[in-house]
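Asker: With the sequence up front, the predicted model follows.
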Amino acid sequence: MTGQPALLVDDGTLAISDLHLGFERALEARGVHVPEQTQLLLDRVKAIGEGNSARRLVILGDVKHDIRGASLYTSMSVASFFRGLEDAFDELYVIPGNHDGGLAPLLPAKVRLAGPGGMALQTTEGRVGFFHGHAHPAASVGRSKVLVTGHHHLILSRQGTRQGIWVRLTFGEAPAVQTLIVMPAFNPLLSGMPASEFTPKKWEPVVERFLKGSYEAEAFLLDGSKLGNLEELADRLLIESD
């Protein structure tokens, strides 16, 4: 979706990843103070959904930042966030990420919680498989023509500025060519680490399993501008797989 770290499927399905609700408390512990982010993130996703007539929302994991359980602050943030979504979307799906231990009790009854292997949805563009990226996708997800993952928080850093980027990997042999889309984090506060020798095959085995043969990896800015081949950009990228 142009200008936003969100993916819109033609049938009105909106996907986002890596909210990390409560992350501002982790920053505060490091001496960095930022305003409370939950309402800002909620307003943003609701505006994107309304502006694109999306009635189904899929969150690809790392809803919260606390890895095990949730502090009172995080619990309140999660409750507030989903309470604000209930009237904005007809269907709400969550795929748990590696930060989502103990998330289930915090979710309202309307939310459908998938397993860590993700979920596949039939759309007007064919079957699309969604998974977080820390665990191997379920078989039905892995067979999808288009796969969508988060987790990696890819960031382009240049001239003192930084922004999340998209990656599109095309792999497989015709007629069974598949596309893997790596989403930027929806929370813009998340940081990265240098990746001067970064290539897709150095990702975790979860992604590497799709890249046994030839593949093409391209990177794009949030506005849709093509940056080029991912390997050629390695010394200018940051990556966080947290």
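Answerer: Received the coordinates, thanks. Residues are numbered from 1 along each chain as shown.
Asker: Which residues does the helix or strand harbouring residue 25 contact?
Answerer: Secondary-structure assignment from DSSP states H and E places residue 25 in helix 23-29. Where contact means Cβ atoms under 8 Å, 6 or more residues apart in numbering, the residues beyond helix 23-29 that reach it are 33, 34, 35, 36, 37, 65, 71, 73, 74, 187, 189, 190. In short, each C-beta sits where N, CA and C put it, glycine included.
Asker: roughly how far is it from the heart of the chain?
Answerer: Averaging C-alpha coordinates over helix 23-29 and over its chain gives two centres that are 20 Å apart (Cα atoms, centre = their mean, to the nearest Å).
Asker: Just the buried residues of that helix, please?
Answerer: Judged by neighbour count using 16 or more other Cβ atoms under 10 Å, the buried positions of helix 23-29 are 23, 24, 25.
Asker: Which among the contacts of helix 23-29 count as buried?
Answerer: Buried, going by 16+ other Cβ under 10 Å: 37, 65, 73, 74, 187, 190, out of the contacts of helix 23-29.
Asker: Return the member of these nearest to residue 168.
Answerer: Minimum distance to residue 168 across the buried ones among the contacts of helix 23-29 is 20.5 Å, recorded for residue 190 (Cβ to Cβ).
Asker: Is that closest one in a helix, a strand, or coil?
Answerer: Look at residue 190: counting by DSSP: H, G, I helix; E, B strand; the rest coil, its state is coil.
Asker: which stretches of the protein form helices?
Answerer: Secondary structure of the chain (DSSP state H): helices at 23-29, 38-51, 72-85, 139-142, 205-208.
Asker: how about the ones you listed in CSV, adding distance to residue 170 and mean pLDDT?
Answerer: Rendered in CSV, the data for the helices of the chain read as follows (distance: least, Cβ to Cβ, whole Å; pLDDT from 0 to 100):
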stretch, distance to residue 170, mean pLDDT
helix 23-29, 32, 87
helix 38-51, 26, 96
helix 72-85, 33, 95
helix 139-142, 16, 93
helix 205-208, 13, 76
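Asker: Which among those helices is found nearest to residue 114?
Answerer: Proximity of these to residue 114 was assessed by Cβ to Cβ; the nearest stretch is helix 139-142, lying at 9.5 Å.
Asker: neighbouring contacts of that closest one?
Answerer: Outside of helix 139-142, the residues that reach it under the criterion Cβ under 8 Å, 6+ apart are 117, 118, 119, 120, 127, 129, 130, 131, 136, 147.
Asker: Check stretch 174-185 too.
Answerer: Counting by Cβ under 8 Å, 6+ apart, stretch 174-185 makes contact with 5, 7, 15-18, 20, 60, 133, 144-150, 152-155, 163-172, 207, 210, 222, all of which sit outside it.
Asker: Mark which of these are buried, thanks.
Answerer: Buried among those by 16+ other Cβ under 10 Å: 5, 7, 15-18, 20, 60, 133, 144, 146-150, 152-155, 164-169, 171-172, 207, 210, 222.
Asker: just to revisit the earlier point, send me the helix holding residue 25 as CSV with only the CA atoms.
Answerer: In CSV, the C-alpha atoms belonging to helix 23-29 read as follows (Å, rounded to 0.1, in the frame of the first residue of the first chain):
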residue,chain,number,x,y,z
PHE,A,23,7.6,-0.7,23.3
GLU,A,24,7.7,2.8,24.7
ARG,A,25,8.2,1.3,28.2
ALA,A,26,11.3,-0.6,26.9
LEU,A,27,12.6,2.7,25.5
GLU,A,28,11.9,4.4,28.8
ALA,A,29,14.0,1.8,30.6
